[in-house]
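Undergrad: Just a sequence and a predicted model for now, questions to come.
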Amino acid sequence: MSEAVKGRFHEPGSSRFGAATLSYARGVFHLCVEADGRSVTWGRAATEISDPVTGLPRRFVFPDGSAFEADPSPALDTFLNALGLETGPRWRFRRHPRLMAGVIAATIALPFLLWFGFPKAMDALALAVPESFAAKIGSGTFEGLDGRLFLPTQIAGTRRSEIEVLFNEVRSAAEVPEDRVRLLFRAAPRMGANGLAFPDGTIVVTDELVRLSRHDDEIAGVLAHEIAHVTERHALRRIFRATGVAFLIQFALGDTVSLLEEAATLGAFVLELGYSREFELEADSRAADILRAIDRDPARIVHLLRRIAVDCGGACEETSLLSTHPGFEDRLRAVEE
Amino acid sequence: MTDVGNPDGPNGSDEPNGGRGSVPVSGSARGRNESPSGLTRHPFIFSGSAGDYFGICIRTFLLAIVTLGIYDAWGKVERRRYLWGHTKLAGLGFDFHARPINILKARIIVVVILIAFQIATSYVPLLVFASIPLLFVLTPWLVILSTRFNARNTSYRNVRFDFQGRYWPAFHVFVFLPILMLFTLGLLYPYMKIRQGRYIAENLYFGSAPFSCVATTEGIFRYWMYIMVLGLALIGASVMIGFAAFQADPGSPILDPEIQRIVTGGGLLVNGIYLVLFIAVIAFQAKIRNAIVNAVALRGGHRMESTVPAWEYLGTVVLTSLAATATLGLMIPWATVTLRAFLLKHTAFMAKDDLDTFAAHQQKPGSAFGEEFAGMEDVGGGVFDGLG
């Protein structure tokens, strides 16, 4: 029989309470109410004992709804330890040693998982969604920009048909069905020389880019690059990764800390910039494969990029192919490999 | 970290283990005052400390991150148990009984619904428009579920609270009045807040004893009128500088220095008024809380008292928000504890006789779904908390 612990007894079904003592022997609690000397016994298994919270009493809730409460004290800890219950600030480690060891291991592994595993998981998810869904996401993006950022093309019809032939050549080399991608020509004076791929398969080549090119292989390079964006589902993967990060943050932090959430969202944005570079490099190497398959020179696109850098100057520094497709030096390497 | 535990509080030394059937003689003489009306004044006391709460928050936060949010259900219960357990009335704390596993299940359901809705909207974009009326329809229901969940899982002296609110009255105060308030340019704001507070209080039970609330906007409405006048001044000043700027030739890149001076001065004026308005609205919250809580009664002749000083409240809110923001959220636990201790210090329960005669009332613990959905979508959350 353990030493009795002092506390309060809360009567069932009422706000009434009074001083009482609780003792324990062989699986049975003995409760002694001071005021009338009443003695009650309850089985250990039927009694619910609350988890510790800093500075708060422990509750023993009995099946009839009555409860015994004892304020924290060394005597209570001794009493609980005799019951085989954990006390003290690290009670969780004592109660679930293996689980807590797992949590610590997970804490250490988490950054690596997030950095390497998470993008892979999101990519798998993005590649697994059906084609119809993939094409639907962001289907209005191009229409939203057309007429504002993009103006009608000034390129002569004959030149356009030449490029369309080139486009079909690249498209069949990339094994992309005809209805998955479409090529459009647009003047984009505010953007400069650039090629863009939209998630629904619309590929836009700006007049400025066509005018700057000196060789078909250059344009084929740009087209292959943009087609690679579509086939590799880069837009969808980006959306999945970004919303996935936002979702994780929302779920992990729950109702806790909204400011940390802001900070984490900012972090996600930085991460996102890294992703975009990764996707550009991937599109470059895929484009190089396509061009090689049709006996064109993948390195020629580098000449075009250099020409854009010279031609453009400050005017389209923010929006040209150079800036929306980061890492000039890295790309040079990717193309040459 | 400041220790905000009340030094007069019953911190273990004066255990309320008094005799059966009598009010435990707890704490200092200030703790129990016979008022002329024959009511005994029991002030609320917060006995927790910012340091302890900070420890709990950091631990639950880290565990939540590592377990991809799963642990946060347990963390939430622990944080609530700490805050409510250290909220003491007549020497005894409140308790929070929600089971973390139920909160986790509710969260999973909410997340699944939100994902399903996201996917549905990408197939049928028009659904986005349907979500607004849907939210109107759901809001009262979520408020009821959330308040009921919190009430039924909160106890004092082994007696649980309960909430029995109905849908249409909730629709009136949480959907109709806010819309009406917008159309009256905010004129109805105090009326709306009072009616919302009344709705919660009037449907709240302690065991089987119902609360009532007879709050009106009487006495606080004129403060709102001052705020409205300030708001009109803000609109007027903005229109005037807008007009002055328009008068300047829009084509010329350099404005007439005279006009530029007016625009700069006007801009300062507008910012100044805006700041005063912002401050006044925060201070007004204290007036609303006092008006609601002071009108609350509990069957048996008990009453509530709230004497939150508006300016001190303003100071506390500004200080705690600035501290929380400046430390990127690190001081949120301190801010929570400080604000709670401040509000409780100015809240009291006026007991008719002793507190032993309340009968418990059997009920189910309620669903965590409303609470979790409201929490994630920021709908009418924390109403129960606000009542202290």
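TA: Arrived safely, thanks for sending. Residues are numbered from 1 along each chain as shown, chains lettered A, B, ... in the order given.
Undergrad: Going by C-alpha atoms from here, please, whenever you check contacts or count neighbours.
TA: OK.
Undergrad: mind listing what the closest residue to chain A within the stretch 151-300 of chain B touches?
TA: Across the stretch 151-300 of chain B, the shortest distance to chain A (C-alpha to the nearest C-alpha) belongs to B:Arg157, at 5.2 Å. Taking C-alpha atoms under 8 Å, 6 or more residues apart in numbering or on different chains as the criterion, B:Arg157 is in contact with A:His10, A:Ser15, A:Arg16, A:Phe17, B:Leu92, B:Gly93, B:Phe94.
Undergrad: Buried residues in stretch B:153-168, which are they?
TA: Across stretch B:153-168, burial judged by 16 or more other C-alpha atoms under 10 Å in any protein chain shown covers B:153-165, B:167.
Undergrad: Redo those residues as CSV? Include secondary structure.
TA: Listed next are those as CSV, based on DSSP: H, G, I helix; E, B strand; the rest coil:
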residue, secondary structure
B:Asn153, coil
B:Thr154, strand
B:Ser155, strand
B:Tyr156, strand
B:Arg157, coil
B:Asn158, coil
B:Val159, strand
B:Arg160, strand
B:Phe161, strand
B:Asp162, strand
B:Phe163, strand
B:Gln164, coil
B:Gly165, coil
B:Tyr167, helix
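Undergrad: Surely A:Leu305 is in a helix?
TA: Yes: according to three-state DSSP, A:Leu305 belongs to a helix.
Undergrad: can you count the residues close to it?
TA: When neighbours are counted by other C-alpha atoms under 10 Å in any protein chain shown, A:Leu305 registers 22.
Undergrad: Likewise for B:Met228?
TA: For B:Met228, using other C-alpha under 10 Å, the count is 16.
Undergrad: How about the one 4 residues further on?
TA: Neighbouring residues of B:Leu232 were enumerated by other C-alpha under 10 Å; the total is 12.
Undergrad: which two in the buried residues of stretch B:153-168 are spaced the farthest apart?
TA: Greatest spatial distance in the buried residues of stretch B:153-168: B:Arg157 and B:Tyr167, 30.0 Å, computed using C-alpha to C-alpha.
Undergrad: Next, A:Leu212: phi, psi?
TA: Reported as degrees, to the nearest 10, the phi and psi values for A:Leu212 are phi -80, psi -20.
Undergrad: Quick check: closest non-adjacent residue to B:Cys213.
TA: Nearest residue to B:Cys213, sequence neighbours excluded (C-alpha to C-alpha, 6 or more residues apart in numbering or on different chains): B:Val296, at 4.3 Å.
Undergrad: That neighbour contacts B:Ala201, doesn't it?
TA: Yes: using C-alpha atoms under 8 Å, B:Val296 is in contact with B:Ala201, at 7.0 Å.
Undergrad: mind listing what B:Met304 touches?
TA: For B:Met304, the contacting residues are B:Val293, B:Asn294, B:Ala295, B:Val296, B:Ala297, B:Thr347, B:Ala348, B:Phe349, B:Met350, by C-alpha under 8 Å, 6+ apart.
Undergrad: now do B:Thr316
TA: B:Thr338, B:Leu339, B:Phe342.
Undergrad: in a helix, that's where the second one is, yeah?
TA: Yes: with three-state DSSP as the criterion, B:Leu339 is located in a helix.
Undergrad: how would you label the residue of the stretch 201-350 of chain B found nearest chain A: helix, strand or coil?
TA: Closest residue of the stretch 201-350 of chain B to chain A, C-alpha to the nearest C-alpha: B:Gly329 (5.3 Å). Look at B:Gly329: counting by three-state DSSP, its state is coil.
Undergrad: neighbours around it, how many?
TA: Neighbourhood size, B:Gly329 [other C-alpha under 10 Å]: 22.
Undergrad: Can you tell me how far it is from B:Phe61?
TA: In this view, B:Gly329 and B:Phe61 are 12 Å apart by C-alpha to C-alpha, to the nearest Å.
Undergrad: and the stretch 101-250 of chain B, which of its residues are near chain A?
TA: Residues of the stretch 101-250 of chain B lying near chain A by C-alpha under 8 Å from any C-alpha of the partner chain: B:Ser122, B:Tyr123, B:Tyr156, B:Arg157, B:Asn158, B:Val159.
Undergrad: Save those as TSV, and put in pLDDT too.
TA: What follows is those, written out as TSV (pLDDT from 0 to 100):
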residue	pLDDT
B:Ser122	76
B:Tyr123	79
B:Tyr156	93
B:Arg157	92
B:Asn158	91
B:Val159	91
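Undergrad: hmm, back to that, want to throw the contacts of B:Thr316 into CSV with neighbour count, pLDDT and distance to B:Leu127?
TA: Shown next, in CSV, are the contacts of B:Thr316 (neighbours: other C-alpha atoms under 10 Å in any protein chain shown; pLDDT from 0 to 100; distance: C-alpha to C-alpha, whole Å):
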residue, neighbour count, pLDDT, distance to B:Leu127
B:Thr338, 24, 95, 43
B:Leu339, 18, 93, 40
B:Phe342, 19, 95, 45
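Undergrad: from those residues, which single one is nearest A:Ala156?
TA: Nearest to A:Ala156 among those: B:Leu339, at 70.5 Å, using C-alpha to C-alpha.
Undergrad: ok, that closest one - contacts?
TA: With contacts defined as C-alpha under 8 Å, 6+ apart, B:Leu339 is in contact with B:Thr316, B:Val317, B:Thr320.
Undergrad: that older thread, B:Val296 and B:Ala201: who's more crowded?
TA: Between B:Val296 and B:Ala201, B:Ala201 has the larger neighbour count (other C-alpha under 10 Å), namely 25 against 22.
Undergrad: residue ranges for the helices of chain A, please.
TA: According to DSSP state H, chain A carries its helices in the segments A:74-82, A:91-95, A:97-112, A:118-128, A:131-136, A:141-145, A:157-173, A:207-212, A:216-231, A:234-253, A:258-293, A:301-312, A:321-324, A:328-336.
Undergrad: quick one, the fourth one and helix A:97-112 angle?
TA: Comparing the axes of helix A:118-128 and helix A:97-112 via axes from the mean of the first three to the mean of the last three C-alpha atoms, to 10 degrees yields an angle of 80 degrees.
Undergrad: so how far is helix A:118-128 from its chain's centroid?
TA: Relative to its parent chain, helix A:118-128 has a centroid offset of 10 Å by C-alpha atoms, centre = their mean, to the nearest Å.
Undergrad: buried sites along it?
TA: So helix A:118-128, judged by 16+ other C-alpha under 10 Å, has buried residues A:Phe118, A:Pro119, A:Met122, A:Asp123, A:Ala126, A:Leu127.
Undergrad: The third one contacts A:Phe240, correct?
TA: If I follow you right, that is A:Met122. Yes: between A:Met122 and A:Phe240 a contact is recorded at 5.9 Å, counting by C-alpha under 8 Å.
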